[in-house]
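Undergrad: I need the structure of the sequence given here:
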Amino acid sequence: MDADRARVEDAILQAVRTPDDYLTQIASHLISAGGKRLRPVMTMVASAADDRAVSDDAVMGGVACELVHLGSLYHDDVMDESDVRRGVETVNAKWGNLQAILAGDFLLAKASEIAASLGTEVAGLLARTIGRLCEGQILELRHTYNVARPMDAYLASIDGKTASLYGTAARIGGLVSGFDRAHIDALAAFGDAYGMVFQVVDDILDVTATDEQLGKPAGHDMVEGVYTLPVILTLAAGGSAASELNGILGKPLDHAEREKVLDIVRSNGGVKKAIEQARSFVSQAHEACDALPATARVGAMRDAPVVLLDSVS
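TA: Numbering: from 1, shown residues only. All right, here's what the predicted structure looks like:
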């Protein structure tokens, strides 16, 4: 996929190039900082699930998904008042909140323009997905500092703010390749399940990895009042650990409190139970693959969520 990734990289940079050098610089800031381009890869692999070559439409469909992702990061960094993203200054830190918001809007607009060029179904799908990202983020905000955040609310939030875009990326791949509807639905189901694994793993890493590994302080979500699956499951287990955690959470944390809650969550089974929950989404991804042709690309798809979960197991 290296050559296809290079096609994506070139197309993303071209998509945000404008006559205004200042806007181009801001819009391309995080693109230039790098990234795994997992959503475009999802689109391209899905489009070639029958082992065909990756088409230009598949590349552009992946670019549209990546631009939505990048636009959401610009907005997230404003909301979180983040200073660093991917090892560089965030747009809001470097140029200010107003520029970051407008640049994020610009990226979403360019994504919509590309989607429209791929047909009305792709355009409508991407528009609905942007709405789902907003719904997932709003649901998360509603439970900020809520130590009683329900598991269902957490799962609904990550399904909207993360998994939906992976599902859409895979569905677009199927659509631009003209696959039959059952095949397209299976690809989308795989993308959704992979996205759920991805977010649970990301949430596990937030409490298990070091500051250096993350490139930001560990436990950032808890400091911000976002209680993710390992925390929810530690609280749900009850006992002295849950009582101690309950007594600390529910408010902003200082450094000592952050270290304390990280120690509690790391050592009381919440991480292990979160991994078990993620395995159920791996199983869902495999079920989706069972409905697809037995090709090399589908084999790679089957392996992908396992490799992801193994990184924390």
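
Undergrad: rest of the way, CA atoms for contacts and neighbours
TA: Will do.

Undergrad: from K161, how far off is P305?
TA: 18 Å (Cα to Cα, to the nearest Å).

Undergrad: can you check G250 too?
TA: 23 Å.

Undergrad: ok, residues contacting stretch 209-223?
TA: 84, 86-87, 205-208, 227-228, 249, 252-254, 258, 262 (Cα atoms under 8 Å, 6 or more residues apart in numbering).

Undergrad: out of the residues you listed, which are buried?
TA: Among the contacts of stretch 209-223, those classed as buried by 16 or more other Cα atoms under 10 Å are 84, 205-208, 227-228, 249, 253, 258, 262.

Undergrad: from those residues, which two are the most distant?
TA: V84 and L249 (24.8 Å; Cα to Cα).

Undergrad: neighbour count: G250 and K161, which is higher?
TA: K161 (27 against 19; other Cα atoms under 10 Å).

Undergrad: flag the shaky bits of the protein, pLDDT-wise.
TA: For the chain, the stretches flagged by pLDDT under 70 are 211, 215-216.

Undergrad: report the central residue of it.
TA: Nearest to the geometric centre of the chain sits T162, at 4.1 Å (Cα atoms, centre = their mean).

Undergrad: for D4, see how far away it is.
TA: Look at T162 and D4: by Cα to Cα, they are 23 Å apart.

Undergrad: and L187, by the same measure?
TA: 19 Å.

Undergrad: ok, now R39?
TA: 13 Å.

Undergrad: same deal with C289?
TA: Applying Cα to Cα to C289 and D4 gives a distance of 22 Å.

Undergrad: with H220 instead?
TA: As for H220, its distance to D4 is 34 Å (criterion: Cα to Cα).

Undergrad: for this structure, what's the longest helix?
TA: helix 181-208 (DSSP state H).

Undergrad: what is that one packed up against?
TA: Secondary-structure packing of helix 181-208 (3 or more Cα pairs under 8 Å, 6 or more residues apart in numbering; DSSP states H and E): helix 164-176, helix 229-236, helix 255-266, helix 270-290, helix 296-310.

Undergrad: which SS class is the residue of the chain positioned farthest from its centre?
TA: Most distant from the centre of the chain: S240, at 33.4 Å, with distances by Cα atoms, centre = their mean. The three-state assignment at S240 reads helix, by DSSP: H, G, I helix; E, B strand; the rest coil.

Undergrad: which residues does it contact?
TA: No contacts exist for S240 under Cα under 8 Å, 6+ apart.

Undergrad: neighbour count for R39 and D4, which is higher?
TA: Using other Cα under 10 Å, the more surrounded residue of R39 and D4 is R39, with 26 against 19.

Undergrad: need phi/psi at that one.
TA: Main-chain torsions, R39, degrees, to the nearest 10: phi -70, psi -50.

Undergrad: looking at it, it is touching G62, isn't it?
TA: Yes - if you go by Cα atoms under 8 Å, R39 and G62 touch, sitting 6.2 Å apart.

Undergrad: shared neighbours of those two, anything?
TA: Common contact partners of R39 and G62 (Cα under 8 Å, 6+ apart): A169.

Undergrad: now the helices and strands packed on helix 181-208 in CSV, with distance to N146?
TA: Listed next are those as CSV, based on distance: least, Cα to Cα, whole Å:
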stretch, distance to N146
helix 164-176, 24
helix 229-236, 10
helix 255-266, 15
helix 270-290, 17
helix 296-310, 27
